[in-house]
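*Asks:* My questions concern the predicted model and sequence given below.
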Amino acid sequence: MNCAIGFPRLQGWRKMMSEQRYKLHWITAVVETVKTLKDMIAPFVILVVANGFKGESTQPWFVQYWSLILFGILLVSTLVAGIVKWRRFDYWFEDQELRMVSGLFVRKKRYIPFDRIQSLDYTEGIFHRPFNLVKVKVETAGSASGKDAEAELTAITKDAAEQIEQEIQRAKRVQITGPIPRRYENEELLLHGDREITQETERSVRAVFSMTTGDLLMLATTSGGIGVILSGAVVFLSQIEEIIPFDWLFGELESFVRFGVFVIGILILLGFILVWLLSVAMTFLANYDFKVKLEKDDLVITRGLLEKKRVTVPLNRVQNVSIVENPFRQLFGYASVVLSSAGGVGEGARIKLFPLAKRDRIIEPLQELFPNLDFGEPTEVLDARGKRFYYRFKLFLTLVLVAAASYFLFPYGLLSLLLLPFVWGLGLWQYKTAAYSILPKQLTMRFRSISRHTVFMEKNRIQSMEVDQNYFHRRRKVATVTVNVKSGMTVDAPAVRHMPQEQAEQFLLWYEYPTESKE
Amino acid sequence: MRQQPANQISRKGLTVWRLYGIIQTLILMAVAIGIGFLVYYFEWPIWIGIVAAVVVMLYAFFSIYLFPKIRWERWRYEVREAEIELQHGLFIVNRTLIPMVRVQHVDTAEGPILRKYGLASITISTAATNHSIPALVTEEADELRNRISTFARVAKDDV
């Protein structure tokens, strides 16, 4: 397993390197302290405000200001904890591994073999920027060990980050030369192989995508889509109140109530606008200067204004590609592209490849990145047998809601009747959207929750396939097909719902036969 | 119309599920008796006690008789050379197809009640999902586990 045994000279060379241990930058202490404080500050602020400034001077000072004192202790202790974290953290390279040790009393060691490292993700926060530092997150191949598989170097210099990257590169190169001797038949070439391959793997960097300012503004303003819709709904409702002659309907007393409703409506509207503006600003900052580059076989995504992020996704870890269009953006012909990656946990699993771009201009770069996938629109639509299932249950639920609203909030509750056509329309729209294509080695599925999703996946990335039928489905011979694809530690499960049973069985039949037999 | 998977799970599995139902019903019954006492001592309206009794009876009927029966009749599995097919479900019938190449590992497990009846459950894990076959005769479960792991190793991996 360990190829170092075969290369005594290389091992000797590595021994020399292994002595050096590295520390993180001192800003680590600050970053860690701020991080801890951020999580704990809210309850303490409430406590201090509630208790800290009570003017009862009859009690001794330490009772009077106990919450402030507690706050001070907390502040100092988190700072100390931060400093300890920084002082007691070491990392170094040894035996083809990135090794880390941390902790004050309990020394926690973490050894990550280089060949398990998928990628290094960099983040430059506001504390990092002035010192030219980066936070490095080590992404490992998603293994069963879960979160522990990951490691983070809170703050190191960019040179140090570059060094880690080179260290990994070198280790991987040695491993390539090790088990594949036929490429390097004589030993001479093997030992000098290092230089040889450096030339070969001269990094070819190619820009794939960069977001224009117009697109960025479009993204930012439509990102709080639900907020926009809700505030729109409030405007609509306040308008309708003026159209319908409520005064005529209700007496003088009611007008007072109506005034209250109006004020509340305005306040809610203002609240929505504020939230929306905030989300616009945050989206703008987070996605500023969004760029995707292709470095050899890795996608490198960089973004951010205040906090710069750099994420690396190895192409061969990508499990599926989804094009997502929310109704608002679909109207303007915009879409976003999301990848599911097998590496990484949580955030790392679903990666926005293109946050927003013109729909007709995303296919070409996608095709270039994933030559094995066919990005054509799915061709098979569902026949009308399953149509009713798209709206029937939704309508039923809405009716219950409407009944409750009308009964308990009598006059205004009746407005909820307006929901019915919307719900019915959404159901029909979902039915119209649903489509799929079964290609020899690929599956394309299109479906709508509210946004339209078109998911493209290769057959060998599908982990398992499920067909579900409830009682009513069985009576109508209709079924739902769900496809399970790995996404980080979890699963991405696109589904085309309520399709005729024969079509669903086509999926199973296709999936049953091994890919090889079709070649 | 696609055929159902060939194998049913052990008849003893039905017994075990009924046993689970009995245990759950007993717990519920203890709660209901508690409520009965409260109704008696605090002179709560009598319908509370009646509702509690009816709930226990309905629960007993569904969890001991009906649901295990439907579940058992519906549970099917088949391990073929290239894939595993499962079928199960109470209200929603779920059919799952797992290709051998995607199987990462197979576990068997037996709790105290299952062991008493000489049963075990088997869990098949892919990179993304877990699927289990409950209540197989232990030898059968072990044999199945071995078979799946042999097949899974033979099948060519192309992820």
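*Replies:* Structure's in. What do you need?
*Asks:* What is the neighbour count of B:Arg115?
*Replies:* B:Arg115: 12 surrounding residues under other C-beta atoms under 10 Å in any protein chain shown. From N, CA and C alone the C-beta is placed, and that goes for glycine too.
*Asks:* what does B:Pro45 give?
*Replies:* 9.
*Asks:* need the contact list for the residue lying closest to it once chain neighbours are set aside.
*Replies:* Excluding its sequence neighbours, the residue lying closest to B:Pro45 (C-beta to C-beta, 6 or more residues apart in numbering or on different chains) is B:Val39, at 7.8 Å. Neighbouring residues of B:Val39 by C-beta atoms under 8 Å, 6 or more residues apart in numbering or on different chains: B:45-46, B:48-49.
*Asks:* again, but for A:Thr154
*Replies:* A:Thr154 neighbours (C-beta under 8 Å, 6+ apart): A:24, A:28, A:31-32, A:85-86, A:135.
*Asks:* thinking again about what came up before, show the backbone phi and psi for the residue nearest to B:Pro45.
*Replies:* Backbone torsions of B:Val39, given as degrees, to the nearest 10, read phi -60, psi -40.
*Asks:* What does the residue in chain B sticking out farthest from the centre show for phi and psi?
*Replies:* The outermost residue of chain B, judged against the average C-alpha position, is B:Glu43 (41.5 Å), by C-alpha atoms, centre = their mean. Reported as degrees, to the nearest 10, the phi and psi values for B:Glu43 are phi 50, psi 40.
*Asks:* quick one: it from A:Leu98, how far?
*Replies:* Per C-beta to C-beta, to the nearest Å, B:Glu43 is found 72 Å from A:Leu98.
*Asks:* Not counting residues beside it along the chain, what's closest to the residue nearest the centre of chain B?
*Replies:* For chain B, the residue nearest the mean C-alpha position is B:Pro134 (5.1 Å; C-alpha atoms, centre = their mean). For B:Pro134, ignoring the flanking residues on the chain, the nearest one in space by C-beta to C-beta, 6+ apart is B:Ser121 at 4.6 Å.
*Asks:* contacting residues around the one you found?
*Replies:* So B:Ser121 contacts B:108-110, B:114, B:132-136, B:141 (C-beta under 8 Å, 6+ apart).
*Asks:* A:Met465 too?
*Replies:* Counting by C-beta under 8 Å, 6+ apart, A:Met465 has contacts A:481-484, A:507-508, A:511, B:96-97.
*Asks:* and the gap between the residue lying closest to A:Trp26 once chain neighbours are set aside and A:Asn132?
*Replies:* Counting by C-beta to C-beta, 6+ apart, A:Trp86 is the residue found nearest to A:Trp26 once chain neighbours are left out, at 6.2 Å. In this structure, A:Trp86 and A:Asn132 are 18 Å apart, going by C-beta to C-beta.
*Asks:* Between these two, point out the one with more neighbours.
*Replies:* A direct count of neighbours by other C-beta under 10 Å for A:Trp86 and A:Asn132 places A:Trp86 higher, at 22 against 11.
*Asks:* which stretch of helix or strand covers that one?
*Replies:* Using DSSP states H and E, A:Trp86 sits in helix A:66-87.
*Asks:* For A:Leu219, which non-adjacent residue is closest in space?
*Replies:* A:Leu356 is the one closest to A:Leu219 (C-beta to C-beta, 6+ apart), at 4.0 Å.
*Asks:* so which helix or strand takes in that neighbour?
*Replies:* strand A:350-358.
*Asks:* Give me the residues contacting the next helix-or-strand element following that strand.
*Replies:* Counting by DSSP H and E, the next helix or strand C-terminal to strand A:350-358 is helix A:363-369. Here helix A:363-369 makes contact (C-beta under 8 Å, 6+ apart) with A:208-209, A:294, A:299, A:315, A:321, A:337, A:354, A:373, A:375.
*Asks:* Return the subset of those lying in strands.
*Replies:* The members of those that map onto strands under DSSP state E are A:208-209, A:294, A:299, A:321, A:337, A:354.
*Asks:* Tell me the one of those residues nearest B:Ala127?
*Replies:* A:Val321 (17.7 Å; C-beta to C-beta).
*Asks:* can you give me how far the strand holding A:Leu356 is from the chain middle?
*Replies:* How far strand A:350-358 lies from its chain's middle: 11 Å, per C-alpha atoms, centre = their mean, to the nearest Å.
*Asks:* List the buried residues for that strand?
*Replies:* Using 16 or more other C-beta atoms under 10 Å in any protein chain shown as the test for burial, strand A:350-358 gives A:350-357.
*Asks:* Out of these, which is nearest to A:Asp215?
*Replies:* Using C-beta to C-beta, A:Leu356 is the member of the buried residues of strand A:350-358 that lies nearest A:Asp215, at 5.2 Å.
*Asks:* Which single helix of chain A contains the most residues?
*Replies:* helix A:252-287 (DSSP state H).
*Asks:* other SSEs contacting that helix?
*Replies:* Applying 3 or more C-beta pairs under 8 Å, 6 or more residues apart in numbering or on different chains; DSSP states H and E, we find helix A:252-287 packed against helix A:213-223, helix A:225-243, helix A:246-249.
*Asks:* could you redo the last one with a cut-off of 10 Å?
*Replies:* Judged by 3 or more C-beta pairs under 10 Å, 6 or more residues apart in numbering or on different chains; DSSP states H and E, the packing partners of helix A:252-287 are helix A:213-223, helix A:225-243, helix A:246-249, strand A:298-303, strand A:350-358, helix A:410-413.
*Asks:* From the contact counts, what lies against the last one?
*Replies:* Which is helix A:410-413. With contacts defined as 3+ C-beta pairs under 10 Å, 6+ apart, helix A:410-413 has these neighbours: helix A:246-249, helix A:252-287, helix A:387-408.
*Asks:* same deal with the first one?
*Replies:* Applying 3+ C-beta pairs under 10 Å, 6+ apart, one finds that helix A:213-223 makes contact with helix A:252-287, helix A:327-331, strand A:334-341, strand A:350-358.
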